[in-house]
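> using only what follows, build the 3D model:
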Amino acid sequence: MNRRVFISALGGAAVWPVAARAQKTIPVIGFLHAASAAAYTNLVAAFRKGLSEAGYTEGHNVAVEYRWAEGHNEHLPALAADLLGRRVAVIVTPGSTAATLAAKAVTTTIPIVFTSAADPVKTGLVASLNRPGGNMTGISDIGVELGAKRIGLLHELLPGAVRFAAFVNPTNPFITEPFVSEMQVAASAIGRQIEVVAASTNSEIDTGFAILVKSQADAFLISTDALFLARRVQLLTLAARHAIPGMYFRREFAEAGGLMSYGSNLAEQFRQNGIYAGRILNGENPAEMPVQLPTNFEFVINLQTAKTLGIEIPATLLARANEVIE
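Numbers count the residues shown, from 1 in each chain. Predicted structure coming up:
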């Protein structure tokens, strides 16, 4: 593994010499994510905000060691093991189920604070939401469960559409498998077809859109996966080039030109991850810290993109939107 490529410090992240740690007893947090630092700058700022609310300021009374897999899930186990060797006090895996599973595989004692789009009970991360029972706690994003809601919104927007497509990341089966199952049930319920397109690299995303064009897909969705959020510029560029309407899982897509998005607020989840990490550093036991569920969901419509695609947004959808970008 090329450490210069996959091990990076973001912003003001401090790398503390071992001697300095011994003198100042500054705790170290390990931050592990499947995507790249460049795509998550604002979200890391939200994480730092949460830390500060819990009484910790990076570079002052806590250090953070960042590990980014740059979209290569296969590198996560080695990065997690590297953090273990750094004697971190807590590992944080916000918004990345693959990173969470990699961290879980290397330690049963170091506390892990996660955000998972997959059900954390079904995936074996915790025993229950109210009492996790082990070394892990965090936030259940319920991103997979929202798939039916997203396909319903697409159907309401395009009632005449017959064929939908769904992009999934084949290297993240804990998200992909339940997402595909959810999509197939939802599509069948409204008498529609759904084509699953597997993509985990830039070239595979390009090929995926070629498949959509060839199959004459009326619209597409994307599974709740950190890889796709990191590649949102490519996805949005291809969607615009081929004039295919898309439904996305984060507002960041709609803000950057995507047609519609529906999901929880990711920045708030990163902030909560920071708060939980700080509370653990203050002595709380992750086994007794309930896994949080999102309470606010954002439906965002980009009216500019709709006009470009020649789509008229129904008044019923506009009335339910939390934000309309004009």
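> quick check: Thr308 touching Ala239?
No - between Thr308 and Ala239 there is no contact, the gap being 10.6 Å when judged by C-beta atoms under 8 Å. No exception for glycine: its C-beta is placed from N, CA and C like everyone else's.
> more neighbours: which of those two?
Ala239 (24 against 13; other C-beta atoms under 10 Å).
> chain neighbours aside, what residue packs nearest to that one?
When the adjacent residues along the chain are set aside, Ala239 lies closest to Gly246, with 4.8 Å between them (C-beta to C-beta, 6 or more residues apart in numbering).
> OK, contacts around the one you found?
Ala219, Phe220, Leu221, Ile222, Leu235, Leu236, Ala239, Phe253, Gly258, Leu259, Met260 (C-beta atoms under 8 Å, 6 or more residues apart in numbering).
> same thing with Ile91?
Going by C-beta under 8 Å, 6+ apart, Ile91 touches Ile29, Gly30, Phe31, Leu32, Ala80, Leu83, Ala103, Thr107, Ile110, Pro111, Ile112, Val113.
> hmm, back to that, as CSV, the contacts of Gly246 with secondary structure and distance to Val144 would be great.
What follows is these, written out as CSV (DSSP: H, G, I helix; E, B strand; the rest coil; distance: C-beta to C-beta, whole Å):
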residue, secondary structure, distance to Val144
Ala219, strand, 19
Phe220, strand, 17
Leu221, strand, 12
Ile222, strand, 12
Leu235, helix, 19
Leu236, helix, 22
Ala239, helix, 22
Phe253, helix, 17
Gly258, coil, 19
Leu259, coil, 21
Met260, strand, 18
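> take the residues you listed and write them to a markdown table, including pLDDT and distance to Thr207.
Shown next, in a markdown table, are the contacts of Gly246 (pLDDT from 0 to 100; distance: C-beta to C-beta, whole Å):
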| residue | pLDDT | distance to Thr207 |
| --- | --- | --- |
| Ala219 | 97 | 19 |
| Phe220 | 97 | 14 |
| Leu221 | 95 | 18 |
| Ile222 | 94 | 15 |
| Leu235 | 97 | 13 |
| Leu236 | 97 | 17 |
| Ala239 | 97 | 15 |
| Phe253 | 96 | 20 |
| Gly258 | 97 | 20 |
| Leu259 | 98 | 22 |
| Met260 | 98 | 24 |
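> so which of those is the closest to Leu125?
Using C-beta to C-beta, Ile222 is the member of the contacts of Gly246 that sits closest to Leu125, with 23.0 Å.
> any idea how far the residue nearest to Ala239 is from Glu74?
Gly246 sits 27 Å away from Glu74, taking C-beta to C-beta, to the nearest Å as the criterion.
> re the thing from before, the residue nearest to Ala239 and Met183, how far apart?
The value you get for Gly246 to Met183, if C-beta to C-beta is used, is 14 Å.
> quick one: the helices in the stretch 101-250 of the chain?
In the stretch 101-250 of the chain, helices defined by DSSP state H, counting those that start in this stretch lie at 147-157, 173-189, 202-215, 226-230, 232-242, listed in chain order.
> and the ones you listed, which is most packed in?
Mean neighbour counts were compared across the helices of the stretch 101-250 of the chain using mean count of other C-beta atoms under 10 Å; the top stretch is helix 226-230, at a mean of 25.
> mind listing residues that contact that one?
Looking at helix 226-230 with C-beta under 8 Å, 6+ apart, the contacting residues turn out to be 33-36, 39-40, 71, 73, 95-96, 98-99, 167, 169, 171-172, 200, 222, 235, 249-250, 252-253, 266.
> and with 6 Å instead?
Under the contact criterion C-beta atoms under 6 Å, 6 or more residues apart in numbering, helix 226-230 has outside partners Ala34, Ala35, Ser36, Ala39, Gly71, Gly95, Ser96, Asn169, Ile222, Arg250.
> so for the fourth one, what's the nearest residue that isn't a sequence neighbour?
In other words, Ala39. In this structure, Ala39 finds its nearest non-sequential neighbour in Ala230, 4.2 Å apart by C-beta to C-beta, 6+ apart.
> and for the second one?
Ranked by C-beta to C-beta, 6+ apart and with sequence neighbours excluded, the top spatial neighbour of Ala35 is Ala230, at 3.7 Å.
> tell me how far that neighbour lies from Ala99.
Ala230 sits 12 Å away from Ala99, going by C-beta to C-beta.
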